[in-house]
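1. Sequence first, then the predicted structure, then my questions.
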Amino acid sequence: MGNITLLSKDLINQIAAGEVIERPASVVKELIENALDAAATSISVQIEGAGIGLIRVVDNGMGMDQDDLAMSIQRHATSKIRDVSDLFAIRTLGFRGEALPSITSVSRTTLATRTAASPHGYFITMEAGEVVERGKRGMPPGTIVEVKDIFFNTPARRKFLKTAATEQKNILDAISRSALSYPSIAFAVTIDGRQVMNLKEGLSFEERSGILLGIDFRESMREFSNAGSWMYVHGALAGPEVSRPTRSSIYTFVNTRSVRDKILATAVIGGFKGMLMKNRYPVTVLFVDIDPANVDVNVHPAKAEVRFRDPSRVFGFIVATIKAALLDSAKAWHHMMMPASAAPIRTQGVRRGPDYRSLETSQERLFRKTPSFYTDKTIVGNLKSTYILLEDDEALYILDQHASHERILYERLKEAHGSANSQLLLHPLVIELTPGEFAVFEEIVPVLQETGIDCASFGETSIAVRALPSVLNSSDMQDIIRTVIQDVSHKVQTDYQNVIRSTIACHKSLRSGKTLTYQEIVALLKALDEIGAPLTCPHGRPLFKKISIDQIEKWIGRRG
């Protein structure tokens, strides 16, 4: 007997499920796309236990009759395509016929549906892909899908899921993308009994995007459009003064389908070239309408990626469109993009060698004689406004000023444990978050409180910051909170305290490019010794590189 055999039906379904259903958000996305293809005008989503316990999606679409319901749970059964040519003219969201079979194979699922012409509905209950019950049900026209205990029969798959906050954020992000693409359709979402989204029917794109992307986007939003002979690009963007720490706020769509396409995201960033700080990304919603024959949406099992026939042409067209939109709005944004306070602050350049030592006060000389590590070194100078050069009798030390300050702030945040060391703000700072960001925020509120940031929910998706540890005075708390949420949502572990402290310390610390004065360098070295003379930053990277005098003399030929 040969070594090659056919896979069993159960194993085939498990493999297909692994391709299509990566996490609870994948289930939500597929079920919403089915509802949209069924011409639903209202979609409600109920989530329990971060989607692992229950995902319930209800729509008022056209529904299915008894025969179609039975066919819908079969692999590769679809009403969207009939022959090979249809693959190159796809205009619907779901077309593979893999979603429902993949979902049912890794969960306990009940599908109930009714057409307007039928006096009642029909339902099927399945467990791990097998039908356990079927029958009639009284219900309004439309479809109800209840998915329980995702991955109950594949426990190893659950281990790859992230925290509850992260999974909820992913679910809300998937829903938000559909809501942006279909602004006139009503969406209602509840998580563990609390309503987190209620978008009414009939909204315009401007109204819908303003609700979903936050007040800063809403206040800065500019719509754009550009029609070519082969492609139409449109959407909305926020000015360069509104940015995010990751690409997650670049929403891209191709023929109303939400995609995570590197070409499109990179093109958007290219349009903002020269307008954003390093490691900052724009907030943009981009729609690309193109002949289906010029784009392949069948390159990814979950339909999350696309392939353009002429990617360079698409890229150039989008970059030009974004640049033109920003140029058209330059006058309106000028006072925000170029505030007077943004002028570079010129600091006195540091001096080198003996001149440095001549600047020391008697108090500083006394301090330098105390047992220590960093303050026991002689300051040589500053390299590229990024590194501090130190020396002693044995070696040269190249100290990273950003990493050093980051470690100092991290340790001081640890010292400022709890609200007892916080300072009340004169006026509470209200920050409006997206639904996905708010879901993560709710998970980490106790940890933020422990860090000394006194904050709480303030409305549906807003928060109010009432007090801060002194180390965070004069900080851009809106940006810090958003960055913390992004960093937490990308972690698998739940050691939020360490993640939050590291993120805040990194955000607040000195940046490369700032030339420190002699007094500032002395203060930095003193602070390092005060916190125990650490050797690494909070992320574990070394603070300095030590080069011995022997090594240097060998390099220049003084020693053999």
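-> Ah, there it is. Numbering: from 1, shown residues only.

2. quick one, what contacts Asp216?
-> 238, 242, 283, 432, 478 (CB atoms under 8 Å, 6 or more residues apart in numbering). Heads up, the C-betas are built off the backbone N, CA and C, glycines and all.

3. can you rerun that using 7 Å?
-> The contact partners of Asp216, taken as CB atoms under 7 Å, 6 or more residues apart in numbering, are 238, 242.

4. Just confirm Ala467 is within a strand.
-> Yes - Ala467 sits within a strand when classified using DSSP: H, G, I helix; E, B strand; the rest coil.

5. need the longest strand for the protein.
-> strand 422-432 (DSSP state E).

6. ok now whatever helix or strand comes next after that one, how far from the chain's centre?
-> Where DSSP states H and E defines the elements, the next helix or strand beyond strand 422-432 is helix 435-450. Put simply, helix 435-450 sits 15 Å off its chain's centre (CA atoms, centre = their mean, to the nearest Å).

7. Next, the buried residues of stretch 146-165.
-> For stretch 146-165, a neighbour-count test (16 or more other CB atoms under 10 Å) marks 146-151, 153-154, 157, 161-165 as buried.

8. so how many other residues sit close to Gly316?
-> 13 (other CB atoms under 10 Å).

9. which outside residues touch whichever helix or strand it is part of?
-> Gly316 belongs to helix 311-328 when assigned by DSSP H and E. Applying CB under 7 Å, 6+ apart, the external contacts of helix 311-328 come out as 222, 224, 226, 228, 231, 233, 237, 263-264, 267-268, 270-272, 275, 286, 308.

10. how about that helix: buried residues?
-> 311, 314-315, 317-323, 325-326.

11. Then stretch 438-447?
-> Within stretch 438-447, the residues scored as buried using 16+ other CB under 10 Å are 438-444, 447.

12. same thing with stretch 61-79?
-> Residues of stretch 61-79 classed as buried: 61-64, 66, 69, 72-73, 75, 78 (neighbour count, 16+ other CB under 10 Å).

13. Could you dump these into JSON lines and include pLDDT and secondary structure?
-> Below are those laid out as JSON lines (pLDDT from 0 to 100; DSSP: H, G, I helix; E, B strand; the rest coil):
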{"residue": "Gly61", "pLDDT": "94", "secondary structure": "coil"}
{"residue": "Met62", "pLDDT": "93", "secondary structure": "coil"}
{"residue": "Gly63", "pLDDT": "93", "secondary structure": "coil"}
{"residue": "Met64", "pLDDT": "92", "secondary structure": "coil"}
{"residue": "Gln66", "pLDDT": "91", "secondary structure": "helix"}
{"residue": "Leu69", "pLDDT": "91", "secondary structure": "helix"}
{"residue": "Ser72", "pLDDT": "85", "secondary structure": "helix"}
{"residue": "Ile73", "pLDDT": "86", "secondary structure": "coil"}
{"residue": "Arg75", "pLDDT": "69", "secondary structure": "coil"}
{"residue": "Thr78", "pLDDT": "56", "secondary structure": "coil"}
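
14. May I see those organised as TSV, with distance to Ser457 added?
-> Listed next are these as TSV, based on distance: CB to CB, whole Å:
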residue	distance to Ser457
Gly61	34
Met62	38
Gly63	38
Met64	40
Gln66	46
Leu69	41
Ser72	40
Ile73	40
Arg75	44
Thr78	43
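
15. Please name the nearest non-neighbouring residue to Gly142.
-> Asn60 (4.3 Å; CB to CB, 6 or more residues apart in numbering).

16. try Thr246
-> Closest to Thr246 by CB to CB, 6+ apart is Gln486, at 5.1 Å.

17. just Glu460 next, same as before
-> Leaving aside its sequence neighbours, Glu460 sits nearest to Val196 (CB to CB, 6+ apart; 7.4 Å).

18. picking up where we left off before, quick one: which of the buried residues of stretch 438-447 is nearest Leu213?
-> Phe438 (12.8 Å; CB to CB).
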